[in-house]
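Enquirer: 3D model of this:
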Amino acid sequence: MPRFVLAAIAMIALFPATTFAHKFWLLPSQTVFSGNEPLVTVDAAVSNDLFYFNHHPLRLDNLVISAPDGTQVEPENATTLRYRSVFDVPLAQQGTYQIGIFYDGLFATWQENDRRRRWRGTEETFKTEVPKDADGLRVSESISRVETFVTNGAPTDPAGKSSDRGLVMVPVTHPNDLYAGESARFRFLLDGKPAKDLEVVAIKGGTRYRNAQDEMKLKTDSNGEVAISWTEPGMYWIEASSSDEKTTFPQASARYLTYVATLEVLPQ
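Expert: Here you go, the predicted model:
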């Protein structure tokens, strides 16, 4: 993977996505299906506009697809192109599929020969790829989740494995039962506990053709819950981010956490 691509994606994962023009996302061709074994196509990209692939592809290395019964599904026809990755998911089971790309690792910067070096990887690769005596070494932990939900037939509770690390969204309203003119509730957990006073941003796609982002900015309550009122149908990008110093890696000084989801709001 080219170094400039790695660095760009690392920066996006480390900071609140709304701070930069670039946003990362998974976009299903649609989210609600019926019939005999339908199939969904999903785009994965890092872009300037929602949902247009015009910057970098989102890598599929850490892609996890959970079927309604909790088993893991392998993607079909997966490939990474210049501006996007793409894959198919056969929906053989009835119920809700949870599709996500998850990252839990380290990001480091240092000076080398008057150049600023950037690195991203795991604790194991850190030991061999980052100089122990690096000048101005700064290390941080990065935990990010990018996901979407797709339902074949009647919706079921998402069966993907939850995590006690990082930011996780637990639907109160089913993520494939969203309609314009209604309100939906979602619960956010930080390290398994309610993430209260967390800012959640919701943006409708099609920003390429709007002068303003038209962001909806909301705060979670004491239970980590937030209510989002959908004014019109369409694909929406949901983002929440946080940072703290609760690192588990001895050399890390900070931890950055990001959660992103793509949700489809249907007309009444």
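
Enquirer: Now do stretch 166-180: distance to the chain's middle.
Expert: Distance of stretch 166-180 from its chain centroid, counting by Cα atoms, centre = their mean, to the nearest Å, is 14 Å.

Enquirer: quick one: Thr231 from Glu215, how far?
Expert: Thr231 sits 13 Å away from Glu215, going by Cβ to Cβ, to the nearest Å. C-beta: built from backbone N, CA, C; applies to glycine.

Enquirer: Show me which of these two is the more surrounded one.
Expert: Higher neighbour count among Thr231 and Glu215: Glu215, with 14 against 11, using other Cβ atoms under 10 Å.

Enquirer: Hmm, Val200 and that one touching each other?
Expert: No - assessed by Cβ atoms under 8 Å, Glu215 is found out of contact with Val200, at 10.4 Å.

Enquirer: mind listing the strands for the stretch 1-150 of the chain?
Expert: Using DSSP state E, counting those that start in this stretch, the strands assigned to the stretch 1-150 of the chain run over residues 23-28, 32-33, 39-47, 56-57, 63-66, 76-80, 85-90, 95-112, 115-121, 135-152.

Enquirer: got a list of contacts for the next helix-or-strand element following the last one?
Expert: Translated: strand 135-152. Scanning forward in sequence from strand 135-152 by DSSP states H and E, the next helix or strand is strand 167-171. The contact list for strand 167-171, computed with Cβ atoms under 8 Å, 6 or more residues apart in numbering, reads 143, 145, 149, 158, 162, 186-190, 192, 195, 198, 238, 240-242, 257-259, 261.

Enquirer: Just the buried residues out of the residues you listed, in PyMOL syntax.
Expert: Paste this into PyMOL to select the buried members of the contacts of strand 167-171, with burial taken from 16 or more other Cβ atoms under 10 Å:
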select buried, resi 143+145+149+158+186+187+188+189+190+195+198+238+240+241+242+257+258+259+261
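
Enquirer: Please narrow the contacts of strand 167-171 to those residing in helices.
Expert: Judged by DSSP state H, helices contain none of the contacts of strand 167-171.

Enquirer: In strands, which of the contacts of strand 167-171 fall?
Expert: Those of the contacts of strand 167-171 mapping onto strands are 143, 145, 149, 186-190, 238, 240-242, 257-259, 261, per DSSP state E.

Enquirer: Quick check: neighbours shared by Glu215 and Val200?
Expert: In contact with both Glu215 and Val200: no residue, using Cβ under 8 Å, 6+ apart.

Enquirer: Poorly predicted segments of the stretch 1-150 of the chain, please.
Expert: 1-21 (pLDDT under 70).

Enquirer: Now do stretch 25-34: distance from first to last residue.
Expert: End-to-end span of stretch 25-34 (Cα to Cα, to the nearest Å): 24 Å.

Enquirer: what about it, distance to the chain center?
Expert: 15 Å.

Enquirer: one step back: so which of the ones in strands among the contacts of strand 167-171 comes closest to Pro131?
Expert: Ile143 (24.6 Å; Cβ to Cβ).

Enquirer: Name the residues linked to Arg145 by a beta bridge.
Expert: Phe102, Tyr259 (DSSP bridges).

Enquirer: My guess is it contacts Tyr259. True?
Expert: Yes - counting by Cβ under 8 Å, Arg145 touches Tyr259, with 5.1 Å between them.

Enquirer: quick one on the thing from earlier: pick out the most distant pair among the ones in strands among the contacts of strand 167-171.
Expert: Between all members of the ones in strands among the contacts of strand 167-171, the farthest pair (by Cβ to Cβ) comes out as Phe149 and Ser242, at 22.1 Å.

Enquirer: Can you give me the distance of the most far-flung residue of the chain relative to its centre to Asp135?
Expert: Largest separation from the mean C-alpha position in the chain: Asn113, at 35.0 Å (Cα atoms, centre = their mean). Taking Cβ to Cβ as the measure, Asn113 falls 10 Å from Asp135.

Enquirer: which neighbours do Arg145 and Tyr259 share?
Expert: By Cβ under 8 Å, 6+ apart, the residues touching both Arg145 and Tyr259 are 166-169.

Enquirer: Right, I'll leave it there.
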